[in-house]
Each structure stands twice: as structure tokens, then as C-alpha cells.
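Asks: Structure for this input, please:
(2 chains)
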Number of protein chains: 2
Amino acid sequence: MSTRLPVELPKAYRLLNHGPTVIVTSAHDGTSNIMAAAWSMPLDFSPPKVAVVIDRNTRTRELIEASGEFALNIPSRHIARETLAVGSASGKDIDKFRALGLATFPAGSVSAPLLEGCLGWLECRVLPEPTIQDKYDLFLGEVVAAWADPAAFRNGHWVFEEGAPRSIHYIAGGHFFETGEAFEVER
Amino acid sequence: MSTRLPVELPKAYRLLNHGPTVIVTSAHDGTSNIMAAAWSMPLDFSPPKVAVVIDRNTRTRELIEASGEFALNIPSRHIARETLAVGSASGKDIDKFRALGLATFPAGSVSAPLLEGCLGWLECRVLPEPTIQDKYDLFLGEVVAAWADPAAFRNGHWVFEEGAPRSIHYIAGGHFFETGEAFEVER
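Replies: Numbering: from 1, shown residues only, chains lettered A, B, ... in the order given. Below is the predicted model:
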């Protein structure tokens, strides 16, 4: 079972600030789905907001539009293979949770399930902006709850020690970068 | 002088796909400015589009709204200190190029100058969406030209060899992650 502690909402943007690839989970009316998204970012600090691109041809898009909710899960390198797989197969064709043996646990405030084995989780409610949803597949959301694995992120900060679990950054064609060395710049 | 080669536009999203912190440059009517932005992402492949958050209280915001153009510059770790500095000081108070000794070169298609010492550059024209600009400080742009330092990115791919120059990922409070080890996942 994933270890997790709540993240104070004004610090939740820090889970995404360095640009990791995320996994989007969603659910509506007894159906759930999971897909990868390289294109997400924070949009505001407090209340925290996020932006994420959700292609119009995906099952995830249908579930998010129907429920008005989604979650962003931040995978570690240990589940890079699963991240690629949920970004390649479509929930219109298969039940990706079952096909890939993915375990989830319930979110606190939204219907979307949260994926085990991740470093952080952001529970989001859609801020409806139909024009940009239609024109650009761009969805905005308010973060209503956030969680993190304290081995990776605790007390509002990523754990800097070497060996702490790190997130991943998708490039293309099955290629990723791992999040690398942490460093501090003096002002 | 920064070495640079053109990047094919359908591959330009790969410069941003892994979520690096960027530096936004802008110019209008003989004035230019430079600021850091942790919050940017690709929005489409071809024609390539990007999204970036530009705070309403910045000089950069004024210049982008006046010119309809901006550039995203992808800094390497060698200029992390300058990245933090241009994200801390305001162009309303000082000329950051002069104060920090930052060298630039002309873009090919937009008025914004491009910053020396970066790994990649995306020249962008604003796709006007006044509602989300006003409500969320969120700007969308079409990438009209892109460039990269071939030591870091060439033939449409980041250079995977160890020792290749890497981008940086801002967290908060002067803390960054470097882009780490590249790896491939088999489908």
C-alpha cells in the first residue's frame, strides 16, 4: 500500500512545479479510467489550480466531462513501464487497471481513484472553460486535496537526500528523463 | 555565442515535453524584458502550441500584450543563478539584461530577443484568448520557429549521452532539480 500524508493546499503546486509526467485518473457512474499526460502544469498557488491537456478522443475525456473531476498521480521511475502503457492503450478498448494489474485506493474528495505506487496525488475539480476545452483540449482544475509519499515529499518539500524516490519526465517514443540531482542557488 | 540549429516544428514540443523551467523573453517598441517561468507546457504537436502563465503584475506581461509575441528559452544548469535572478527581480525596477550581464541574439521571426547560453529556444506568437488571460494569467502561443544547441538536442531528439548539457526544473525557494538520467521503456 502506498504510504501517504496530506499536503497543505498552498504547497500542493510544488508537487508539479518541476514538470513531472503525470497519470490522470477519472471515474463516473461506476466506470473509471487511467491515462498518462506529459502536458500538465500548476496554474496558481492558493487556492491551487492546475492545467492539463486531455485529448478529445480519449475515454478519460468523457469521464472528466461527465464527472467534473479528475486526479493527477505522480509516478516514480518504478512504474515508468506502466506509465507508458496507460499512455498507449485506450480505455475505450480495454480495462487498463485490470489488464495492467494496477491497484488503486479511494480519493478523499473526488470520484477518481488514486494509483498505488505514486509519489504524490492531486485531487481536482474542473473549472469549466468550455471554449478552451473545445478549441485546445485544455482543462483547468482546482486542487481540492493533495497527498504525498513522505519518502519523496514531506512538510511541503521534496526530499533532497540522494536515493529519495524521484519522478519521471516523458520525452517521446518510450524515452524518459528521471528527475535528477537537487541543488540550491543562492539569491 | 550559443551554438544553435533549427528544430523542425513538429519536433519542437520535445524541447518542453519533459517540463523544464523556461525563461520568457519579450520586446515591444524598443524595450525588452526577461523573466523565469516554471509554469509552461506544450499544448499541441503540429502546428506546435504552448501554454505559459504570465503574472499580470509583470513588465513581461505588458510587453507580450503589446507585441503579441514572446520567446521561451530553456536554460542549462550553468545559468541556474541567472534563471533565479530574472525570476526574482522585476523589469519594472531594473534593466535585468544590463544588471545581470545577459547577452542575447535576435530571433528569426519574433521581436523577443533570445538568451545566450540556453539549450533551446521557441519563438511564439500569442493565440489571443482574452478570457483566460484575464482570469488565470494563462497565455497560449503558436511556435513559429525553434532552435536548439546540438550538444543538447539534435535531429529532433535530446542527446542521451551522459555529460550532455541538461535543463533544470524549479521547485521553490531557490531549489531546483537538474534533469537526470535518460532511460527507455520497452512497449
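
Asks: Show the contacting residues for the residue positioned nearest the centre of chain A.
Replies: By CA atoms, centre = their mean, chain A has its centre lying nearest to residue A:72, at 2.2 Å. Residues in contact with residue A:72, defined by CB atoms under 8 Å, 6 or more residues apart in numbering or on different chains, are A:16, A:22-24, A:37, A:40, A:50, A:52, A:121-122, A:124. All C-beta atoms are positioned from the backbone trio N, CA, C, and that covers glycine.

Asks: Checking it next. Helix, strand or coil?
Replies: strand (DSSP: H, G, I helix; E, B strand; the rest coil).

Asks: got a markdown table for the contacts of residue A:72, with secondary structure, pLDDT and neighbour count too?
Replies: Below are the contacts of residue A:72 laid out as a markdown table (DSSP: H, G, I helix; E, B strand; the rest coil; pLDDT from 0 to 100; neighbours: other CB atoms under 10 Å in any protein chain shown):
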| residue | secondary structure | pLDDT | neighbour count |
| --- | --- | --- | --- |
| A:16 | coil | 98 | 27 |
| A:22 | strand | 98 | 31 |
| A:23 | strand | 98 | 23 |
| A:24 | strand | 98 | 28 |
| A:37 | strand | 96 | 23 |
| A:40 | strand | 98 | 24 |
| A:50 | strand | 98 | 25 |
| A:52 | strand | 98 | 24 |
| A:121 | strand | 98 | 28 |
| A:122 | strand | 98 | 31 |
| A:124 | strand | 98 | 30 |
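
Asks: ok, which of those residues also contact chain B?
Replies: When CB under 8 Å from any CB of the partner chain is applied, the members of the contacts of residue A:72 adjacent to chain B are residue A:40.

Asks: just the contacts of residue A:72 now: which is nearest chain B?
Replies: Comparing the contacts of residue A:72 against chain B with CB to the nearest CB picks out residue A:40 as the nearest, at 6.5 Å.

Asks: Tell me if I'm right that the closest one and residue B:41 touch.
Replies: Yes. In this structure, residue A:40 is within contact of residue B:41 by CB atoms under 8 Å, at 6.5 Å.

Asks: shared neighbours, those two?
Replies: Shared contacts of residue A:40 and residue B:41, counting by CB under 8 Å, 6+ apart, come down to A:51, A:53.

Asks: Show the average pLDDT along stretch A:162-169.
Replies: For stretch A:162-169, the mean pLDDT works out to 93.

Asks: can you tell me the distance between the two ends of it?
Replies: 18 Å (CA to CA, to the nearest Å).

Asks: residues in contact with it?
Replies: Against stretch A:162-169 from outside (CB under 8 Å, 6+ apart): A:18-21, A:38, A:74-78, A:80, A:83, A:119, A:149, A:151-152, A:158, A:176-181, B:17-19, B:169, B:177, B:179-180.

Asks: Looking at chain A, what residue ends up closest to chain B?
Replies: For chain A, CB to the nearest CB, closest residue to chain B: residue A:19, 1.7 Å.

Asks: list the buried ones in stretch A:81-100?
Replies: Buried positions in stretch A:81-100, judged by neighbour count with 16 or more other CB atoms under 10 Å in any protein chain shown: A:82-87, A:89, A:91, A:96-97.

Asks: go on, stretch A:144-152?
Replies: A:144-149, A:152.

Asks: Let me know the average pLDDT across that stretch.
Replies: pLDDT averaged over stretch A:144-152 gives 97.

Asks: same question, stretch A:79-90
Replies: 93.

Asks: hmm, it in reach of chain B?
Replies: Yes. For stretch A:79-90, a contact with chain B is found by CB under 8 Å from any CB, at A:80-81, A:83-85, A:88.

Asks: In helices only, show me these.
Replies: Using DSSP state H, the subset of the residues of stretch A:79-90 next to chain B located in helices is A:80-81, A:83-85, A:88.

Asks: what about chain A, any weak spots by pLDDT?
Replies: A:1 (pLDDT under 70).

Asks: just the helices in it please.
Replies: A:59-67, A:80-88, A:96-100, A:130-136.

Asks: picking up where we left off before, export the contacts of residue A:72 as CSV, with columns for distance to residue A:103.
Replies: Formatted as CSV, the contacts of residue A:72 follow (distance: CB to CB, whole Å):
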residue, distance to residue A:103
A:16, 23
A:22, 18
A:23, 13
A:24, 17
A:37, 20
A:40, 23
A:50, 24
A:52, 23
A:121, 14
A:122, 19
A:124, 21
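
Asks: is it true that residue A:126 touches residue A:63?
Replies: No. Distance between residue A:126 and residue A:63: 11.2 Å, which falls outside the contact criterion (CB under 8 Å).
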